[in-house]
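*Asks:* take this sequence and fold it.
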Amino acid sequence: MKTITQKLDLDQHINNFKSFYAREKNIEMMGDINIHHRYIKALSTVEFPSIKEIPNLDREINVIKKQGVLFVKEIYAFVTIIGYFNSLKAINLPEPVGKWIREIDVPDEINDILLYFTDEGNINPEKEPELYDIEKALKQNKAELKDKLYRIAHASTLKDYLVDTQVHFMHGEETLLVRGGFNKVVKASVVGRSSGGFFYILPQSISYLKEKEASLLSRREEVIYRYCQNFSATFTKWHLFMRYINREYDKFDHYQARVLFAKAYDFNFILPNKTKVVKLGEFCHPAIENPKPVSINLDKGVMLITGVNAGGKTMLLKSLLSAVYMSKNLLPFKCDPEKTEIGHFKSIEAIIDDPQSVKNDISTFAGRMVEFSKLFDKESVIVGVDEIELGTDSDEAASLFRVMLDELKNRNITFIVTTHHKRLASLMSVDDDVELIAALYDEERRLPTYTFLQGSIGKSYAFETAERYGVPEHIVKKAKVVYGEDKENLNELIEKSTALEREMRLKISKIDDELKVIEKKKENLENIEDRLNEQHRKAVATLENRYNAATKRALEAMKVKESTEGRRLLNDAHKHKKRSNQAKEAKQPNKRVLQVGDSVKYRSNRGDIVSIRNTEATIEVDGLKMRVPLSQLRYIESLQKKVVQKPKTTVNVEKSGRGAISIKLLGCFADEAIDKLDVFLSDALVAGFSEVEIIHGTGTGVLKKVIIDYLKSYPKIQSFYGQKGNLGITVVKL
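*Replies:* Down below sits the predicted model:
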């Protein structure tokens, strides 16, 4: 039976991906796919060392668990894994990969073993004096052996029997190649024969050197075995860690293979979401060379694909299922990630092949029924069915499948169905949870376009396809007569309906494009308005600064010589400034009257109006409050939300004649309090008061500090002090 990857034509794609693995394994990853995706995404942003090819070590894990002894190459495989993780720790990896690698704590005993191996995977003789002596003796013996063979090969007695003077390696032995009759001049053992009938011989005169070599090799094996015992014993002690590091290597192998595969072919990862939607944008099935990208949206319980033969219906079905399969296993593929969305399904079923089998005594239709019967025990599955009414009467099949599809989609099963028969399409079209897809045909060129139209039933174009593939024209004409004029008229209506649908879609697309242009122009005009408002604000701010500077100079002049008349004139200047501000901030025609709770835009910030006082408003932006002129606020309809109006802050001034002897600044902002206090003190001086009270409250103490700092720099104040028994009042003597 074919696997799901074979049915979806994904085998070659999967094999290409597996070539990036460091060792053979299944593509499925255990655990949370969202966590895997975060690791893969992080690893995609950095260069990391090339991973080493390592065999599967499950058997070796069992050996050390049972206190067995591993071979050198098996120990070196573990050494390679640990060495690779150590190399990863040496580079700056992005999170969460960096945290994961840093938390892999290799025991010191294991790290020490790494020092005993060369890059070639052999025990380093520099770490063991006995092994060093053996290696040195082997090299010396090899040199003597080579020299001895050279002298024998150039001896005059053997000259007539030598084929050449080279030293040949045969079965791991250094030999000479000679002709028959060599035993008359030299005693030797035959190691092998060449294709030309010559003999590879090992002279007995060097046998003692071979024996010495064998003895040295035996001693070396003993030393190496001793090391293998010690290393294996250490691995046994830490066998849980060895099992863990072996598993983590597989985990990293899954990640790095996907990252490198995606980079090699410019593929994208699509993480499944919690919906049942399959939306493809510019998707290319990996089995097709130079494919036509597919953009389609499956957001209903059933997608019914009809239309032209050989027009791509089956490949559309396979494309949708393939995208789900690859997304489910975090395999990258070619698509536009901004336009692609894949939902989550527990499993994928592909009812594609003809199930007819003589061996199993089952017909095509019976086989289909067997496959459908299995679906009644499943939920949250996506199923692709190619040629759904295959193998039986199409009218009966249409009625049967109509009922079965209704029942199964109620079990949260999503279907992608291809069919040539219009009865099933007409029965299903009345259901709002069914998406009709028509494979389109180019009437002029008489070729399928491999494009699709949503919301329409497609004509099969059987007669046109027959002509295209060489069936004589007169045969096709007779077939059309037999088919019937009324059914042909139905096909023409379907064809016209599809054409009108396509034309309507094009017009809607054109209108959408024009609407985007208008929206862009509107946005540009709003930006221009914002820039003009900002320029106006800056101009007003400049005038305000000039006024403040002039007022400051007037106050400094009065410090030199106090004048009651000067104070009166300064107060009049304040009144004129207020009138000027009111005139400057006059409401513009056709502008909405702002209210408490409105969402507004101030410069580049968006906020809500908390309170309004005269021509100013207090707005809240990201938790911060600020007081700004109403004229600089722009109403935002889309962000309007209801805000509970806060009580207004009131400033009550007790009057006595022309001035007041006390002022309440409770709840005022700092700048608002200083403005009110400045006017209050000026009025008190003009009125000739010698003592006044400032009621500021205790609160956090910020307002009181601002007022005290202002009083310290104010002219004509003899002293000030806090009222006894009430820290919220400050008494000022003028």
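*Asks:* can you give me the strands in the stretch 51-200 of the chain?
*Replies:* Ranges of strands in the stretch 51-200 of the chain, per DSSP state E, counting those that start in this stretch, are 168-170, 173-178, 188-193, 199-203.
*Asks:* distance check, the closest residue to residue 49 other than its chain neighbours against residue 726.
*Replies:* Nearest in space to residue 49, with sequence neighbours left out and distances taken as Cβ to Cβ, 6 or more residues apart in numbering, is residue 87 at 5.0 Å. No exception for glycine: its C-beta is placed from N, CA and C like everyone else's. Distance check for residue 87 against residue 726: by Cβ to Cβ, to the nearest Å, it reads 73 Å.
*Asks:* report the contact partners of residue 53.
*Replies:* Under the criterion of Cβ atoms under 8 Å, 6 or more residues apart in numbering, the neighbours of residue 53 are 22, 23.
*Asks:* oh, I was asking about residue 305
*Replies:* 313, 316, 317, 416, 417, 418, 419, 437, 438, 439, 452, 458.
*Asks:* apply 10 Å and report the result again.
*Replies:* By Cβ atoms under 10 Å, 6 or more residues apart in numbering, residue 305 lies in contact with 296, 311-314, 316-317, 320, 384, 386, 416-419, 425, 435-439, 452, 458.
*Asks:* so for residue 299, what pLDDT did the model give?
*Replies:* Looking at residue 299, its pLDDT is 91.
*Asks:* how many neighbours does it have?
*Replies:* 15 (other Cβ atoms under 10 Å).
*Asks:* how about the nearest residue to it once chain neighbours are set aside, phi and psi?
*Replies:* Taking Cβ to Cβ, 6+ apart, and ignoring the residues beside it in sequence, residue 299 has residue 277 as its nearest neighbour in space, at 4.7 Å. When read as degrees, to the nearest 10, the backbone of residue 277 gives phi -90, psi 140.
*Asks:* likewise for residue 731?
*Replies:* Dihedral angles (degrees, to the nearest 10) for residue 731: phi -100, psi 130.
*Asks:* beta partners for it?
*Replies:* Residue 731 has the following beta-bridge partners by DSSP bridges: residue 693, residue 721.
*Asks:* so it sits right up against residue 696, yeah?
*Replies:* No: using Cβ atoms under 10 Å, residue 731 makes no contact with residue 696, being 11.8 Å away.
*Asks:* so where do the helices sit in the stretch 251-400 of the chain?
*Replies:* Taking DSSP state H, counting those that start in this stretch as the criterion, the stretch 251-400 of the chain carries its helices at 313-328, 364-375, 394-409.
*Asks:* comparing those helices, which comes out most buried?
*Replies:* When those are scored by mean count of other Cβ atoms under 10 Å, the highest mean neighbour count falls to helix 313-328 (a mean of 24).
*Asks:* tell me the mean pLDDT for that helix?
*Replies:* Averaged across helix 313-328, the pLDDT comes to 93.
*Asks:* run the chain-centre distance for that helix.
*Replies:* On the basis of Cα atoms, centre = their mean, to the nearest Å, helix 313-328 sits 20 Å off its chain's mean C-alpha point.
*Asks:* just the CA coordinates of that helix, formatted as PDB?
*Replies:* The C-alpha coordinates for helix 313-328 follow below in PDB (Å, rounded to 0.1, in the frame of the first residue of the first chain):
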ATOM      1  CA  LYS A 313      -7.800  19.300 -10.500                       C
ATOM      2  CA  THR A 314      -5.900  16.300  -9.000                       C
ATOM      3  CA  MET A 315      -2.700  18.400  -8.600                       C
ATOM      4  CA  LEU A 316      -4.700  21.100  -6.800                       C
ATOM      5  CA  LEU A 317      -6.000  18.400  -4.500                       C
ATOM      6  CA  LYS A 318      -2.500  17.100  -3.900                       C
ATOM      7  CA  SER A 319      -1.100  20.700  -3.400                       C
ATOM      8  CA  LEU A 320      -3.600  21.400  -0.600                       C
ATOM      9  CA  LEU A 321      -2.900  18.100   1.100                       C
ATOM     10  CA  SER A 322       0.900  18.400   0.600                       C
ATOM     11  CA  ALA A 323       0.900  21.900   2.100                       C
ATOM     12  CA  VAL A 324      -0.900  20.500   5.200                       C
ATOM     13  CA  TYR A 325       1.500  17.600   5.400                       C
ATOM     14  CA  MET A 326       4.700  19.700   5.100                       C
ATOM     15  CA  SER A 327       3.400  22.300   7.500                       C
ATOM     16  CA  LYS A 328       2.400  19.600  10.000                       C
END
